[in-house]
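Asker: Make a model of this:
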Amino acid sequence: MFGLAYIVFFAIYLGISILVVRGTVKFARRHEKNVFLWGTVAAFIMYNLVFWDWIPTVATHQYYCASEAGFWVYKSFDQWKAENPGVMQGLVANERAPYRTERFDDGHVETHTYFLNDRFNWIVTQQDISRFLPIIRTERQVKDVKNGEVLARYVDFSAGSSVKNTVGPPGPLKFWLSSSNCNGGSGNRSLFWQFTKKFKGKEK
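Answerer: This next block holds a predicted model:
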């Protein structure tokens, strides 16, 4: 249903755009203006009424993916166990991993802290990197709550929505902006999840 609505919308919008450009070209000829310039400006305006944020969003998303995204292990599971002998055997996973949600910066930053057990937290922080472009930075950490040490970290970027407003525009209305993660992001997320599971402790 939504797909049909989009097709109808774009067909109507394309038709209106063509009429506007043709009307502008006729006006330019009638008044002996630069036809190419006026037609180009009219097409540019009609394009940007809907697609103004497409190129900036794609370019910015790719920039952050290249410069900040990735998965890092600062201390392996075996290394942590060696430094804390006997501790892991006594840890019991919290049922359904209870969590706490905190919001900052007028709702543009949201942190979910999942309490895996008495020793480890899984922290997920999402933030809008811009008020104008729909790009979300997501960082996940496994943290030893005893000393605040981060054992692993995963950073990824998605496009097409925002932390503060995930339903309204651009959201699902501008589906062409949608990108769930960076290239390789899903693989890094899987690696992070496999790492996290090692620290959950015994199931009840």
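Asker: The spatially most central residue of the chain: what's it in contact with?
Answerer: Of all residues in the chain, the one closest to the mean position by Cα atoms, centre = their mean is Ser158, 2.3 Å from it. The contact partners of Ser158, taken as Cβ atoms under 8 Å, 6 or more residues apart in numbering, are 135-136, 138, 179-181. In short, each C-beta sits where N, CA and C put it, glycine included.
Asker: Kindly report the same for Tyr47.
Answerer: Ser17 are the contacts of Tyr47 under Cβ under 8 Å, 6+ apart.
Asker: where's it, which helix or strand?
Answerer: Assigned by DSSP states H and E, Tyr47 falls within helix 35-51.
Asker: pretty sure the residue nearest to the centre of the chain belongs to a helix, no?
Answerer: No - applying DSSP: H, G, I helix; E, B strand; the rest coil, one finds Ser158 to be strand, outside a helix.
Asker: burial count for the spatially closest residue to it that is not a sequence neighbour?
Answerer: Nearest non-adjacent residue to Ser158, counting by Cβ to Cβ, 6 or more residues apart in numbering: Ile136, 4.9 Å away. Neighbour count for Ile136, taken as other Cβ atoms under 10 Å: 21.
Asker: which residues are contacting the helix or strand in which Ile136 is found?
Answerer: Per DSSP H and E: Ile136 is located in strand 135-144. Contacting residues not belonging to strand 135-144 are listed as 57, 60-61, 64, 68, 80, 119-129, 149-159, 161-163, 189, 192, 195-196, 199 [Cβ under 8 Å, 6+ apart].
Asker: that older thread, could you measure from the residue nearest to Ser158 over to Gly185?
Answerer: Per Cβ to Cβ, to the nearest Å, Ile136 is found 12 Å from Gly185.
Asker: Please enumerate the shared neighbours of the two.
Answerer: With Cβ under 8 Å, 6+ apart as the test, Ile136 and Gly185 both reach Phe157.
Asker: show me where this protein has helices.
Answerer: Ranges of helices within the chain are 2-30, 35-51, 54-68, 77-83, 185-197, based on DSSP state H.
Asker: Make CSV out of those helices and add distance to Ala97 and mean pLDDT.
Answerer: Formatted as CSV, those follow (distance: least, Cβ to Cβ, whole Å; pLDDT from 0 to 100):
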stretch, distance to Ala97, mean pLDDT
helix 2-30, 34, 77
helix 35-51, 41, 84
helix 54-68, 27, 94
helix 77-83, 18, 96
helix 185-197, 10, 94
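Asker: out of these, nearest to Arg96?
Answerer: helix 185-197 (14.8 Å; Cβ to Cβ).
Asker: Sort out which residues of the closest one are buried, please.
Answerer: 185, 188-189, 192, 195-196 (16 or more other Cβ atoms under 10 Å).
Asker: for stretch 18-30, same thing?
Answerer: Result for stretch 18-30 [16+ other Cβ under 10 Å]: buried residues 21, 24-25, 28.
Asker: No further queries at this time; thank you.
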